[in-house]
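# Sharing a model that was predicted from the sequence below.
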Amino acid sequence: MAWMTKIFPHSPPCRRSAWLAVCLCMLLAAGAQAAGPADGEHFGIPQVKFINEQITAGWTDAGLKPSDAATDAEWCRRVHLDIIGRIPSLVELQAFVADSSPTKRPDLVDRLLGDDFIDDYARNWTDIWTTVLIGRDVENEMVSRPGMRQYLRRSFSKNIPYDRFMEELVTATGSNANRKDVDGFNGAANFLSGKMEENGIQATAKTAQIFLGMQVQCTQCHNHPFNKGKQNQFWELNAFFRQVRSLRRFDGTRDIQWIELVDEDFPGEGGNAEEAELYYELRNGLMKVAYPVFVDGTEISRTGYVPRTVEGGGKLGANRRRELADLMKASPLMPKAIVNRMWGHFLGYGFTRPIDDLGEHNPPSHPELLDGLAERFRQQSFDLKELIRWIVLSRPYALSSRASKGNQRDDPSLGEKPKFTHFYLRQMRAEDLYESLLIATEADQSRGGEEAAKKKDQWLSQFVIAFGTDEGDDSTTFNGSIPQVLMMFNGDLIKQATNTGKGGFLDRVAKSDMKNAAKIATLYQSALARHPSPKEVSAANEMLVARKGDAIGALQDIWWAVLNSNEFIINH
Amino acid sequence: MSSMFDLPAGMNRRHFVSHLAGAAAMAAPATAFTNSLLANATDLKKRHKAAILLWMGGGPSTMDLWDLKPGAPTGGQFKQISTSADGVAICEHLPLMAKQMHHMSIVRSMSTREADHMRGRYYMHTGYVPNPNVEHPGYGSVISHELAEQVSGLEIPPFVSVGSGSVGPGFLGMTWAPFVVDSNGNVRNLDMGIDPTRLDQRLRMLETIENKFIGEKRGGSAEDHKKVIDKTVKLMTSKQMEAFKVMKEPKEVQEKYGTTGFGRGCLLARRLVEAGVPFVEVDLGGWDMHADIFPTLADRKLPELDKAMAALVSDLADRGMLDDTAIIWMGEFSRTPNINGGGGRDHWARSWSVVVGGAGFKRGVAVGETSSDGKEVVTEPYSSQDVMASVLKSLGISLETTFTAKNGRPMKIANSGKVIKELFI
């Protein structure tokens, strides 16, 4: 063993063997909480290798050392939360930790991205993208949330390529609500149906923000104060939306029943439909004209007519939104924006802050990695599941959230650019909390489908104030409030989760033939993916004494505490 | 250190601030905040300031309440009566308030542009029109935030909303979110339903787990969570929670305010302000009278409003609290001078009234005028921002403060509204 000679050049061979034996023993003993795969492991996936190399280079440049790897249990909990929006069940967790296969991580990822979890996967990404696309406002009559969710669930179940997803949302026409009496339902129409007020300025701003990572809303009225955005660029982008009409449909009452999103001829504000212009006002009162020009300067036809065939077989007109979608597809910004967003979802921070503000004024923390991943995502036909696979199997994603002395200063919450030397904590989203409470208590409810979604919406609506209404929030800041804590202390869901009724989770644990210590451990494993510390065990035993032998009551108290802890609600 | 001093979340984005040209004003957010506190600290310490917003959901017809046009074709059915304020007449169906008008002032020259319920509500609460990219803080969040220094001993929330959820804290952060209670003072999910000893045992178990996780030094949010838990437990066990027990008021007092939801809500507001809460919002809805407006007002709405509001104003005055408590009465907009076919009035924001009183306001005056048919403001028009600026001034709160929204954009307090000079000497 050449390496042993290097380390112990002067030792006799027998002592070297003994040392080797000791090393092996220690490794085996550490097996149960084995700190993951070897540091350079990329599971034969070149994109993972690329990520690892780039991140490691970043550490070297910054003079930082990464933390140790997270435990198997921590990694398992993390990857379930991030891919399917819930913690693993006790059975799932134990199976993973016990598995000794060297490919167990890519295998688990394959399963989470595969048919077994297709409903969970679709539900999770539907939740995430609903908030991104239409916010949390449940009272907007111009948007059908069930309609939006239906489209998203279908798209994620089928794993449609991201460029097509973007195109379907940007160019959607049809009825926004799925009603028996209405034809032409297209849930994707809900992205724009509520954003067409005032000539679609919101549609312009949100499309640029979400799909191109560009913040243009300031430039509606003036040139951007600190990026290169100019006022004409905003209106030239807005011009692409001028054929869109968001038509209110009624069924005899005064309330809007559904919206029909259509493309119609845009006659232009100057009255010449062939050169259909719009006017906007500079701050000094001067009026300027704008035609459809993409953010990179590409001009399209100025006609405001929607495409049609004329007598003689000729074609005229242009569908401005289709042109826009094509230009967006080809733009280098498009894959960068989604890569940044996905990276931010899994690693806690994107390469820029905020994640949807790319540009010279906001240099990314890892420019080559961002560009390189964007390029590889395009080459992989914009397959979101592949992108997820690369990210979750990478080394930065496998690190512990415990900062070490060598990387304590890598703290993005202080405004520094992230270096990903350790996993950054973040609070579970309200939706994940809901799902995780159901899983932890093995609640026997079907969690897919619209019925369950409605019930969840109801529970979530009390969070709108409690969890904060801003959908642009960094998930890395804890957004707690007293009403939220009160809800977790004493609300209906927690009462349900901690109920001692027959056949329920606590009842089953209490009635099992496990010893007390094992029962307590079960609670900890189910919710926190770890064993209780000795201190916690004695605290738990004190509870039992305090309950004077009411074993299930004591378990209920411990379970209540576990579910209310920071450790439960935080993704670590 | 009390987390009441947390800077708005937006201020952590140093990198945005550093990019801004002419950064003097922009770099100011942290200093401006501190400056406004320091400048006013001594003043505020002397007396505990507060504001009560009486929110009239639905858009009350102010032409029938505070700015009557008897004899005009748009004048409606009500007569006006004189009040304790010289030269100021109000609706005959507000006889109790008529005796209190020397404490209040009417701004009759409001002219705004949001006649949609959702938009109007947002605009009147924040001074800003709704914007998809920014969540602006409402009155309660701004005022409790600015009066933060005086609430260091407060264990109950500094912003209480009686009735509906009000408007949120936006970029100021969750610390300044409204705490919603019903008019009986009931807090949702407050009662654990287990005995205090057992609650205590649970909390100690919780603390063990929390402290362990915090000790692993994985990040700040672990501690932030514990801080909110601690605040909540403090609330649950605080003696100051007595302030919410409105039913403990003597019967005569409860009857003086009226045994309606709004009456109890106003009484609750007085108790909370007494306990040190700097901002309470009390809701009275049902003003969206597109039909049968006159009987609805005369028989139901106005008596309820009159009793409770008059009781509140006189109670504050009797207890020597009125000079430190600003009162604001308003809805999201008003109603059309023209009466529609159903005997009602529709939405109207072009010319309407807001009523303020107490604190540093000049009392007993009517500011501004509308035309003889009530359809136009004929003096200087005032906006939501102007009302907000005036309320802040009445409480001695600086108008120089600039917040930073989460996207780095500077947000002047009260959206640069100008003080309504006639409300101050």
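Perfect, thanks for sending it. Numbering: from 1, shown residues only, chains lettered A, B, ... in the order given.
# what's the most centrally placed residue in chain A in contact with, if anything?
Per Cα atoms, centre = their mean, the C-alpha nearest to the average position across chain A is that of A:H345, at 4.3 Å. By Cβ atoms under 8 Å, 6 or more residues apart in numbering or on different chains, the contact list for A:H345 reads A:82, A:128. The C-beta positions use only the backbone N, C-alpha and C, and glycine is treated the same way.
# Now do the contacts for the closest residue to B:K307 other than its chain neighbours.
Nearest non-adjacent residue to B:K307, counting by Cβ to Cβ, 6 or more residues apart in numbering or on different chains: B:G258, 4.1 Å away. Residues in contact with B:G258, defined by Cβ under 8 Å, 6+ apart, are B:304, B:307-308, B:311.
# May I ask which of those residues has the most neighbours?
Scoring the contacts of B:G258 on neighbours with other Cβ atoms under 10 Å in any protein chain shown, the highest-scoring entry is B:A308 at 27 neighbours.
# re the thing from before, would you format the contacts of B:G258 as CSV with pLDDT and secondary structure included?
Shown next, in CSV, are these (pLDDT from 0 to 100; DSSP: H, G, I helix; E, B strand; the rest coil):
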residue, pLDDT, secondary structure
B:E304, 97, helix
B:K307, 97, helix
B:A308, 98, helix
B:A311, 98, helix
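# For the residue nearest to B:K307, give its distance to chain A.
For B:G258, the distance to chain A (Cβ to the nearest Cβ, to the nearest Å) stands at 28 Å.
# still on that earlier bit, which one of the contacts of B:G258 sits closest to chain A?
B:A308 (25.4 Å; Cβ to the nearest Cβ).
# What about the residue in the stretch 51-200 of chain A that chain B sits nearest to, how many residues nearby?
Across the stretch 51-200 of chain A, the shortest distance to chain B (Cβ to the nearest Cβ) belongs to A:E139, at 7.2 Å. By other Cβ under 10 Å, 7 other residues sit near A:E139.
# Can you name the residues of the stretch 1-150 of chain A sitting close to chain B?
Proximity of the stretch 1-150 of chain A to chain B, by Cβ under 8 Å from any Cβ of the partner chain, involves residues A:135, A:139.
# mind running it again at 10 Å?
Contact residues, the stretch 1-150 of chain A versus chain B (Cβ under 10 Å from any Cβ of the partner chain): A:67, A:135, A:137, A:139-141.
# what's around the closest residue to A:L152 other than its chain neighbours, how many residues?
Using Cβ to Cβ, 6+ apart and skipping the chain neighbours, the partner closest in space to A:L152 is A:T126 (4.1 Å). Counted with other Cβ under 10 Å, the neighbours of A:T126 add up to 24.
# returning to that earlier point: taking the contacts of B:G258 together, which two end up most distant?
For the contacts of B:G258, the maximum inter-member distance is 11.4 Å, found between B:E304 and B:A311 (Cβ to Cβ).
# what's the overlap in contacts for those two?
Counting by Cβ atoms under 10 Å, 6 or more residues apart in numbering or on different chains, the contacts common to B:E304 and B:A311 are B:258, B:263.
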